[in-house]
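Asker: Pasting a predicted model and its sequence here:
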Amino acid sequence: MMHLAAFLFTPGSHSAGWRHPDAVPECDMEFSEYVRIAQVAERGKFDTIFFQDTVAVNGSGALDGVSRYRPSQGRTAYLEPTTLLAALAVVTQRIGLVATATTTYNEPYNIARRFASIDHISNGRAGWNLVTSQIEDEAGNFGADHHMLHAERYERAEEFYDVVAALWDSFGEGALIRDKASGNYIDPSKIHFQDHVGKHFKVRGPLNMARCPQGRPVVTQAGSSGPGMELAARTADLVFTAQSDLGEAQAFYKDLKARARKHGRDPSHVKIMPGLMTIVGATEAEAQAKYRDLQGLLSDENSMRLLARLCGDLDIFALPPDSPLPPLPLSNAAQARQRHLMDKAARENLSIIQTARYLGTSLGHHLLVGTPQRIVDTMEQWVTSGACDGFTLLSPHYPRPLEQFVDLVVPELQRRGLFRTDYAGHTLRDHLGVPVPPNRYEIANA
Ligand SMILES: Cc1cc2nc3c(=O)[nH]c(=O)nc-3n(C[C@H](O)[C@H](O)[C@H](O)COP(=O)(O)O)c2cc1C
């Protein structure tokens, strides 16, 4: 059975999608629009919604050193995602609720508590997308002059996850008694200290919260470098990635599943769901017309600026736009995204401006334009040929393209028996088919 996540990056993952006549750009700050989007995804029986996040204004890189922000740049302001998840838990019943929170600019105790609370509030639908942050500017909001180096970020993330997972195990089953007659509120033998002392963190514990309905919230990861894949293979129930070539996606899938097995995990418990943007029409002609309308809004200057942020010291504006994309100096922030772009440009012989437009159109994720049948043909081929377990659906703007996917593509997936017609379970772990992790302290005391 295929899995689907609705990627939420308001006002849309197409850099100019917010200008489309159908688009509602106010969805970036209007809670009622987030409610609408979440309920559309739930009507489509998606496994989960998934909020991206950065703790800085996106696209604020000092490219020209003067105007830190461009008048036309979207995706600069949106509500804090974990706050949103708690609120959306009240207006949804089954769909999973995943939000991104960086390990570089947070503390384990706070993150463990926040996602455990969402899991209780939502009756077991919470998920934490563990990232190390990919925007240099985030450092400036947390007292640092520079973004932590890539290797150190992942070393910290590995320890961060271990502390959070241990904190989530603090309360065993039945630790809270609340017995009025005896006056016993807790069973101290079922509350466990962590006493963690590590290179990056020193955390005594326990977490001041009963065990989650899911045991632990679902953990998702999107790193694609070596350290990113290692972290994902050891910790993640769900892995996001950017893959636009079937062969490369199959190689990534095989590699990550093997890494999970090496960590002693059942590879089927790690769901790999690459990003996918679809432009769907009842006919090919209609789909192509929709695509042309969107691309007519795309600004080459904006797309080039998005690309320039991934070029480090290379001044991409100084090169002829129709010349081939040169090798990019690997940055400290987003190596996977750089490698993905270079591989795609080399494979498809893309020029600098063509690569920039690809980035501006779908954030560097797979793009499918066509009828529901043709889109599902490709989705079915990827899932049945070992390239993925499902997809993270990006929307060029909201809510119309997501509504069209739910109204046109989901029924075709269901007709072919590739996707659920209704939720069988109640928790996000149920939807994904991943197990509830045992409580390490209860095993030790068993
Ligand atoms: C689908 C997808 C969504 C992502 N969402 C975020 C995000 O919300 N915030 C973030 O800081 N990084 C995000 N990333 C970037 C990854 O977390 C990671 O930093 C990036 O892929 C670089 O990986 P690497 O550091 O392992 O090379 C996302 C990546 C993918 C593929």
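Answerer: Arrived safely, thanks for sending.

Asker: and the closest residue to the ligand within the stretch 51-200 of the chain, how many residues sit next to it?
Answerer: The ligand sits closest to residue 52 of the stretch 51-200 of the chain, with a gap of 3.0 Å, by CB to the nearest ligand atom. In short, each C-beta sits where N, CA and C put it, glycine included. Using other CB atoms under 10 Å, residue 52 has 22 other residues around it.

Asker: low-scoring stretches of the stretch 51-200 of the chain, by residue?
Answerer: Scanning the stretch 51-200 of the chain for pLDDT under 70 picks out 59-68.

Asker: now the helices: where do they sit in it?
Answerer: Using DSSP state H, counting those that start in this stretch, the helices of the stretch 51-200 of the chain run over residues 81-90, 108-121, 150-168.

Asker: want to try TSV for those helices, with distance to the ligand as columns?
Answerer: Below are the helices of the stretch 51-200 of the chain laid out as TSV (distance: least, CB to the nearest ligand atom, whole Å):
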stretch	distance to the ligand
helix 81-90	9
helix 108-121	14
helix 150-168	6
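
Asker: My read is that the residue of the stretch 51-200 of the chain closest to the ligand contacts residue 9, right?
Answerer: Yes - counting by CB atoms under 8 Å, residue 52 touches residue 9, with 4.7 Å between them.

Asker: picking up where we left off before, format the helices of the stretch 51-200 of the chain as a markdown table; extra columns: mean neighbour count.
Answerer: As requested, these are exported to a markdown table (neighbours: other CB atoms under 10 Å):
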| stretch | mean neighbour count |
| --- | --- |
| helix 81-90 | 19 |
| helix 108-121 | 21 |
| helix 150-168 | 21 |
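
Asker: list the buried ones in stretch 302-318?
Answerer: By 16 or more other CB atoms under 10 Å, the buried positions in stretch 302-318 come out as 302, 303, 304, 305, 306, 307, 308, 309, 310, 311, 316.

Asker: swap that for stretch 357-376, sorry
Answerer: If you call a residue buried by 16+ other CB under 10 Å, then stretch 357-376 has these buried ones: 357-372, 375-376.

Asker: How about the residues of the protein by the ligand?
Answerer: Residues of the chain found near the ligand (CB under 6 Å from any ligand atom) are 52-54, 100, 102, 131-134, 222-225, 228, 240-242, 275, 334-337, 392.

Asker: Weed out the non-buried ones from those residues.
Answerer: Among the residues of the chain next to the ligand, those classed as buried by neighbour count (16+ other CB under 10 Å) are 52-54, 100, 102, 131-134, 222-225, 228, 240-242, 275, 334-337, 392.

Asker: Please list the members of these that lie in strands.
Answerer: Among those, the members falling in strands (DSSP state E) are 100, 102, 131, 240, 241, 275, 392.

Asker: I'd assumed residue 255 was in contact with the fifth one.
Answerer: No - at 10.8 Å, residue 241 and residue 255 do not qualify as touching, with contact defined as CB under 8 Å.

Asker: so where do the helices sit in the stretch 251-400 of the chain?
Answerer: 284-295, 300-308, 335-348, 352-362, 372-384, 400-404.

Asker: list the helices and strands the helix or strand just after the last one packs on?
Answerer: Tracing the chain past helix 400-404, the next element assigned as helix or strand by DSSP states H and E is helix 410-415. With contacts taken as 3 or more CB pairs under 8 Å, 6 or more residues apart in numbering; DSSP states H and E, helix 410-415 sits against helix 372-384.

Asker: Next, the angle helix 284-295 makes with the helix it packs on.
Answerer: Put simply, helix 372-384 runs at 80 degrees to helix 284-295, going by axes from the mean of the first three to the mean of the last three CA atoms, to 10 degrees.

Asker: Contacts for helix 372-384, please.
Answerer: Under the contact criterion CB atoms under 8 Å, 6 or more residues apart in numbering, helix 372-384 has outside partners 2, 246, 249, 274, 276, 278, 280, 284, 368, 387-391, 408-409, 411-413, 416, 418.

Asker: can I get the CA coordinates of that helix in CSV?
Answerer: Provided in CSV are the C-alpha atoms of helix 372-384 (Å, rounded to 0.1, in the frame of the first residue of the first chain):
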residue,chain,number,x,y,z
PRO,A,372,-4.5,11.3,-13.3
GLN,A,373,-3.8,8.0,-15.2
ARG,A,374,-0.4,9.1,-16.4
ILE,A,375,0.6,10.5,-13.0
VAL,A,376,-0.5,7.3,-11.3
ASP,A,377,1.4,5.2,-13.9
THR,A,378,4.6,6.8,-12.8
MET,A,379,3.8,6.7,-9.1
GLU,A,380,2.9,3.0,-9.4
GLN,A,381,6.1,2.3,-11.3
TRP,A,382,8.2,4.0,-8.6
VAL,A,383,6.6,2.1,-5.7
THR,A,384,6.5,-1.3,-7.4
